[in-house]
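Novice: the following block contains a protein sequence and its predicted model.
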Amino acid sequence: MTEILRNEGLKRVRMRLITAVVFVFTLTCSGSFGMEDVVSSSGPGLTLLMIVVLPFLWSVPMAFVAAELSAMIPEAGGLYRWIRRALGEYWSFQAGWWWVLSLYIDSAVYVALALGYIQSQLSLSSFERWLVGVAIIAIFTFINIRGLEMTGWSLTIIQVVVIVPFVVFTILGFIKGTGHPFTPFLPPGQTVTESMNLGLAIMMWMYAGWESLGTLAGEIENPQKIIPKALMIGTPIVIVTYFLTVAALIRAGGAGNWSTMVSDASSGGTDFLVAARIVGGAGLGWLLFASAVASNVGLYAGYLATGARPAFQMSRDRLFPRFLGKSGKWGTPWVAILLMAIVNCALIAKEFTALIVMDIFLLMFAYIVIFVAVIVLRVKEPDAVRPFRVPLPTWALTIWVAIPIAIAVFALFTNGDDYLVGGLIGVLSGPIAYLIFKAAYRGTTDEALEGSTITSTGELTDFGVAVEGASS
């Protein structure tokens, strides 16, 4: 039987540029919570230096590469489809598998962090805490299934709740604080290398997510134009946000208190909430509390949206169970979203610190493959239409992406044996999963793949492809 697949079964929506920028900000920043640990481990001066320098070595290359690949291959699944076109089915499955696994864990982490902030203010039993988490997951599962328009509006409201308290805190922190943002540069008695280990790993995490918006390209009108613009606007906003808020944190914390900074000060120490109460009283403390909860809820809502799309597309390409490729009346991959939400409900009740180690490792490997893919496509398809192109010749782009690859490799092998072993177990699950799903579903040929094409003038043209043997 022949089935005509058009636009991946998904509904394209008109996303305003400002909404796309909100998506980028949410997926890559959503506030500066978590930076406290960098300050205490790396020192005030080195932390602020890394905030400015690391993006140009790590996240800016990914932002530019994601912009070029999203514009060239604006299809549902984003990185999975980019890598498939560059390196074929096997490596696209590996990167898609690693990324999907990491997002299943990652998204649950954000709900757990939001619950941690709520628990610090309310005396909830373990069961009550889990019920609150399930309620958060249920609300944003419904919003995501209803479509990107509703998701975009919800993220916009959430980011207002996140940003406004930070603006007030930053102003008061600089006015009333007594700490020196750049002193000391390093923790006493430590070398630069020793000070960077934990701080670098955390900051790489804080500066991740630039590739995520590309997974939604199959549902956005003019993605080849909107996504690159959003990435180019969102990148400097994130850098400035981190720099100003962390500098205000160090100053608000008071002279000499930088070493007590932790991301969760419920057991002592200084975090953004404590620093807010120092310079703004209980009122500002409550505002930062609302910001902290909203920050993690926003991250969850954003990654629930983007994390479901590669699994949906891998299903459509017959590399995942067929039921994950279903789209509902709202034109969204509702089964893939619902499955991710169910897994999240189970994970938030568990202690999964070990899984977070695997999560970071999986993302690093996926990022390496993305950087390789952009160079391979430059060589294999030099004349392909690229509505956005990284303004570098291929040889210079190769040198530029080699830097974040080197940083990723450095991070993979310098954070302890538990990190290495746990991460490798996660990575090695990819080849095993590929053999299982390839045998079960057989995959599909490149000629049968659905998708979109870019015209010679840079316009997007959707096309349907008859897939022989597909069941209706």
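Specialist: Okay, I see it. Numbers count the residues shown, from 1 in each chain.

Novice: ok, now which ones touch the residue nearest in space to the middle of the chain?
Specialist: Centroid check for the chain by CA atoms, centre = their mean gives Gly209 as the closest residue, at 3.0 Å. Gly209 sits next to 27-28 when contact means CB atoms under 8 Å, 6 or more residues apart in numbering. Any C-beta I mention is one placed from the backbone N, CA and C, and that applies to glycine too.

Novice: my guess is it is in a helix, correct?
Specialist: No: Gly209 is assigned coil when assessed by DSSP: H, G, I helix; E, B strand; the rest coil, not a helix.

Novice: got the phi and psi for it?
Specialist: The phi and psi values for Gly209, taken as degrees, to the nearest 10, are phi 110, psi 0.

Novice: what about it, distance to Ser70?
Specialist: Per CB to CB, to the nearest Å, Gly209 is found 14 Å from Ser70.

Novice: per-residue pLDDT, Asp271?
Specialist: What the model reports as pLDDT for Asp271 is 89.

Novice: that one: neighbour count?
Specialist: If you count neighbours by other CB atoms under 10 Å, Asp271 ends up with 23.

Novice: roughly how far does it sit from Asp264?
Specialist: In terms of CB to CB, Asp271 sits 6 Å off from Asp264.

Novice: Leu299 too?
Specialist: 16 Å.

Novice: repeat for Leu249
Specialist: Counting by CB to CB, the gap from Leu249 to Asp264 is 14 Å.

Novice: who has more neighbours, those two?
Specialist: Between Leu249 and Asp264, Leu249 has the larger neighbour count (other CB under 10 Å), namely 29 against 18.

Novice: hang on, that one in a strand?
Specialist: No: read with three-state DSSP, Leu249 is helix and lies in no strand.

Novice: and the closest residue to it other than its chain neighbours, what element?
Specialist: In space, and not counting its chain neighbours, Leu249 is closest to Ala275: 5.4 Å by CB to CB, 6 or more residues apart in numbering. Per DSSP states H and E, Ala275 falls inside helix 272-316.

Novice: check contacts around the spatially closest residue to Pro321 that is not a sequence neighbour.
Specialist: Distances taken as CB to CB, 6+ apart put Ser315 closest to Pro321, at 6.3 Å, once the chain neighbours are dropped. The contact partners of Ser315, taken as CB under 8 Å, 6+ apart, are 321-325, 336.

Novice: ditto for Gly331
Specialist: Contact analysis of Gly331 by CB under 8 Å, 6+ apart lists 9-12, 147, 219.

Novice: what secondary structure does it sit in?
Specialist: coil.

Novice: before we move on, what about Ala255?
Specialist: Per three-state DSSP, the secondary structure class of Ala255 is coil.

Novice: residues contacting the residue nearest to Gly256 when sequence neighbours are not counted?
Specialist: Among residues not flanking Gly256 along the chain, Gly179 sits closest, at 7.5 Å (CB to CB, 6+ apart). Shown in contact with Gly179 (CB under 8 Å, 6+ apart): 44, 250-258.

Novice: SS state for Gly179?
Specialist: coil.

Novice: could you pull up phi and psi at it?
Specialist: Per degrees, to the nearest 10, the backbone of Gly179 is at phi -80, psi 160.

Novice: then Leu460?
Specialist: The phi/psi pair for Leu460 (degrees, to the nearest 10) is phi -90, psi 130.

Novice: which of the contacts of Gly331 sit farthest apart?
Specialist: By the measure CB to CB, Gly9 and Gly147 form the most distant pair in the contacts of Gly331, at 13.5 Å.

Novice: any regions of the stretch 251-400 of the chain where pLDDT drops low?
Specialist: 351-358 (pLDDT under 70).

Novice: just list the residues touching the closest residue in space to Trp98 that isn't next to it in sequence, thanks.
Specialist: Using CB to CB, 6+ apart and skipping residues adjacent in sequence, the residue nearest Trp98 is Leu362, 4.1 Å away. Neighbour list for Leu362: 98-99, 101-102, 423, 426-427 [criterion: CB under 8 Å, 6+ apart].

Novice: please apply the same query to Ser92.
Specialist: 80-81, 83-84.

Novice: okay, and it sits in which element?
Specialist: Here Ser92 is assigned to helix 89-121, by DSSP H and E.

Novice: quick one: average pLDDT of the following helix or strand past that helix?
Specialist: Next helix or strand after helix 89-121 toward the C-terminus (DSSP H and E): helix 126-146. Helix 126-146 shows a mean pLDDT of 93.

Novice: quick check: buried residues in helix 126-146?
Specialist: Across helix 126-146, burial judged by 16 or more other CB atoms under 10 Å covers 129-130, 132-134, 136-137, 140-141, 143-145.

Novice: got it, and stretch 258-271?
Specialist: Buried, per 16+ other CB under 10 Å, within stretch 258-271: 258-265, 269-271.

Novice: just name the closest of these to Ile432, please.
Specialist: Ser263 (34.6 Å).

Novice: could you check how far the closest one is from Arg84?
Specialist: Counting by CB to CB - Ser263 and Arg84 are separated by 37 Å.

Novice: same question, Ile137
Specialist: 30 Å.

Novice: make TSV from the contacts of Leu362 and add neighbour count to it.
Specialist: Shown next, in TSV, are the contacts of Leu362 (neighbours: other CB atoms under 10 Å):
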residue	neighbour count
Trp98	26
Trp99	30
Leu101	23
Ser102	25
Gly423	22
Gly426	21
Val427	20
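
Novice: just flag the most distant two among those.
Specialist: It's Trp99 and Gly423 that sit farthest apart of the contacts of Leu362, by CB to CB, at 14.1 Å.

Novice: so what pairs up with Val13 in the strands?
Specialist: Ile220 (DSSP bridges).

Novice: next, count neighbours for it.
Specialist: Number of residues near Val13 (other CB under 10 Å) recorded here: 19.

Novice: wait, what's in contact with it?
Specialist: 147-149, 219-221.

Novice: buried subset of the residues you listed?
Specialist: Buried among the contacts of Val13 (16+ other CB under 10 Å): 147-149, 219-220.

Novice: nearest to Pro391 among the contacts of Leu362?
Specialist: Closest to Pro391, out of all of the contacts of Leu362 and judged by CB to CB, is Trp99, at 27.0 Å.

Novice: ok, that closest one - contacts?
Specialist: Under the criterion of CB under 8 Å, 6+ apart, the contact list for Trp99 reads 79-80, 310, 362-363, 366.

Novice: cool, and Ala265?
Specialist: Taking CB under 8 Å, 6+ apart, one finds 36, 271, 273-274 in contact with Ala265.

Novice: distance of it from Tyr367?
Specialist: For Ala265, the distance to Tyr367 - CB to CB - is 31 Å.

Novice: now the helices for the stretch 301-450 of the chain?
Specialist: 334-347, 353-380, 394-412, 417-441 (DSSP state H, counting those that start in this stretch).

Novice: what angle sits between the last one and helix 353-380?
Specialist: In this case it means helix 417-441. Relative orientation of helix 417-441 versus helix 353-380 (axes from the mean of the first three to the mean of the last three CA atoms, to 10 degrees): 60 degrees.

Novice: quick one: mean pLDDT over helix 417-441.
Specialist: So the average pLDDT for helix 417-441 ends up being 83.
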